[in-house]
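Trainee: sequence and predicted model, in that order:
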Amino acid sequence: RRRRAAEERRQIPDEEEGYLSHLIEYLSCLKHFFLCSSPERPVKFLQELKNIQVQEGNGVSLCCQLSRPGFPVLWRKGDDVLSSGEKYQMKQNDSRVELLIRKSLPEDSGTYSCICEDVKTTATIIITGQTFSYCNDPLRFSPELPPFFQEELQSVEAEEGASASLYCELSKLGVPIQWKKNRQPLRNSRKYEMRQDGCFLQLRIRDLRLEDSDRYSCQAGNTETTATVTVTELPPFFKEDLKGVDVEEGGSASLCCEVSKPGVSVQWKKNRLSLRASRKYEMKQDGCFLELNIKNVTPEDSGNYTCQAGAAETTAGLLCWFWKVNRITT
């Protein structure tokens with residue numbers, strides 16, 4: 001009888017069993033809510049990004065994990081914000097965040113960051129051009145052997161405003177390196193970034209200008225390698241167009257616009273006829289900002305005014321208005 005009573009107590013009706021199952025699920029949800037939604041628990045990275053080194057042409061994956069799901073993140077390479085496209089793919093599954101880089105190139109090497117609110121995690125990606133390096137050969141460390149370039153610099157061509165990178169590979173470590181432009185030494189700066197990963201050397205030139213077109217060399221001891229950087233000019237365009245103005249007779253009018261790059265030759269026109277600087281017209285250029293001042297405006301000055309920079313142009317109208325006063329005689 002005692003055994004039968006114990007067995008009956010262990011048997012739970014289906015209805016009670018379903019109730020207990022729902023209760024356990026409900027309590028689990030409450031626990032998840034208080035752990036993940038409590039303002040006393042700010043978001044943080046449970047799993048940080050890790051440094052990666054891969055061979056050129058392979059895909060790269062950077063992964064990290066947040067302490068709470070549903071928070072948006074921002075990806076950066078250095079100071080540049082990344083966005084999804086042909087090059088980058090960004091995924092977020094619950095609290096797991098991932099950045100995919102397709103068909104990696106040497107210029108993809110750099111420091112990458114994932115930012116969420118006030119916290120971030122950072123890692124370095126190194127893209128190598130070859131799987132074998134002469135640096136791995138112990139014989140190459142012999143002091144009797146002079147250094148040489150296992151991989152020479154290659155000439156590159158890039159558009160104005162972009163960045164260009166020069167790469168080479170040295171035969172041994174511990175050799176002083178000097179980068180030069182047209183035989184003049186270069187230093188690390190905002191313009192030039194110089195990196196060395198073992199025997200792999202890189203020079204990155206930022207914010208290219210036409211004057212950056214030149215011969216660049218990397219010198220190691222008594223040997224050097226040289227290549228040419230060619231910067232292709234982009235046609236100018238107007239970042240801000242002219243805007244129409246209304247002005248009272250006798251006053252002054254200003255027409256302003258902004259071109260995409262400084263130093264561009266421009267031509268001001270009225271009704272398609274070229275204007276020249278004079279007492280009537282004052283033309284100013286401050287970097288990318290252009291201005292035409294028209295003094296002592298009369299009704300004859302009304303018309304369409306154009307600023308032309310190369311094949312690009314912007315046009316706006318000027319309207320002069322005046323008060324007509326009728327003399328009343330008594």
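Mentor: Okay, I see it.
Trainee: quick one: mean pLDDT for stretch 266-284?
Mentor: For stretch 266-284, mean pLDDT rounds to 94.
Trainee: endpoint to endpoint, it covers what distance?
Mentor: 11 Å (CA to CA, to the nearest Å).
Trainee: kindly report the same for stretch 103-123.
Mentor: End-to-end distance of stretch 103-123 (CA to CA): 19 Å.
Trainee: equivalent analysis for stretch 181-189, please.
Mentor: 14 Å.
Trainee: buried residues in it?
Mentor: K181, L186 (16 or more other CB atoms under 10 Å). C-betas here are computed from N, CA, C, even on glycine.
Trainee: other residues contacting that stretch?
Mentor: Contacts with stretch 181-189, where a contact means CB atoms under 8 Å, 6 or more residues apart in numbering, come from Q178, W179, K180, Y192, M194, L203, D214, R215, Y216, S217.
Trainee: how many neighbours does Y167 have?
Mentor: 22 (other CB atoms under 10 Å).
Trainee: helix or strand for it, which one?
Mentor: strand 164-170 (DSSP states H and E).
Trainee: list the helices and strands that strand packs on?
Mentor: strand 149-151, strand 156-159, strand 200-205, strand 214-220, strand 223-232 (3 or more CB pairs under 8 Å, 6 or more residues apart in numbering; DSSP states H and E).
Trainee: direction included, what does it pair against?
Mentor: Within its sheet, strand 164-170 is paired with strand 149-151 (antiparallel), strand 200-205 (antiparallel), according to DSSP bridges.
Trainee: got the contact list for the longest one?
Mentor: The set of residues external to strand 200-205 that reach it, using CB under 8 Å, 6+ apart, is 106-107, 109, 128-129, 133, 163-170, 177, 179, 186, 191-196, 212, 216, 218, 229.
Trainee: and for stretch 106-125?
Mentor: 42-45, 48-54, 56, 60, 62, 64, 66, 71-78, 97, 99, 101, 104, 126-129, 163, 165, 167, 195, 197, 202, 204.
Trainee: give me the buried entries from these.
Mentor: Judged by 16+ other CB under 10 Å, buried ones among the contacts of stretch 106-125: 43, 45, 49, 52, 54, 60, 62, 64, 66, 73, 75-77, 97, 99, 101, 104, 126-128, 165, 167, 202, 204.
Trainee: so which of those sit within strands?
Mentor: 45, 52, 54, 60, 62, 64, 66, 75-77, 97, 99, 101, 126-128, 165, 167, 202, 204 (DSSP state E).
Trainee: for the residue nearest the centre of the chain, give its distance to T225.
Mentor: Residue closest to the mean C-alpha point of the chain, counted by CA atoms, centre = their mean, is D80 at 3.3 Å. For D80, the distance to T225 equals 28 Å [CB to CB, to the nearest Å].
Trainee: got TSV for the contacts of stretch 181-189, with distance to R276 and neighbour count too?
Mentor: TSV is the format used below for the contacts of stretch 181-189 (distance: CB to CB, whole Å; neighbours: other CB atoms under 10 Å):
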residue	distance to R276	neighbour count
Q178	51	13
W179	47	18
K180	45	17
Y192	42	16
M194	48	16
L203	46	24
D214	37	15
R215	41	14
Y216	43	23
S217	47	19
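Trainee: burial measure for the nearest residue to D94 once chain neighbours are set aside, as a count.
Mentor: Leaving aside its chain neighbours, D94 sits nearest to P69 (4.5 Å; criterion: CB to CB, 6 or more residues apart in numbering). P69 sits with 14 neighbouring residues when counted by other CB under 10 Å.
Trainee: which parts of stretch 120-127 are buried?
Mentor: Neighbour-count burial for stretch 120-127 flags K120, T121, A123, I125, I126, I127 (criterion: 16+ other CB under 10 Å).
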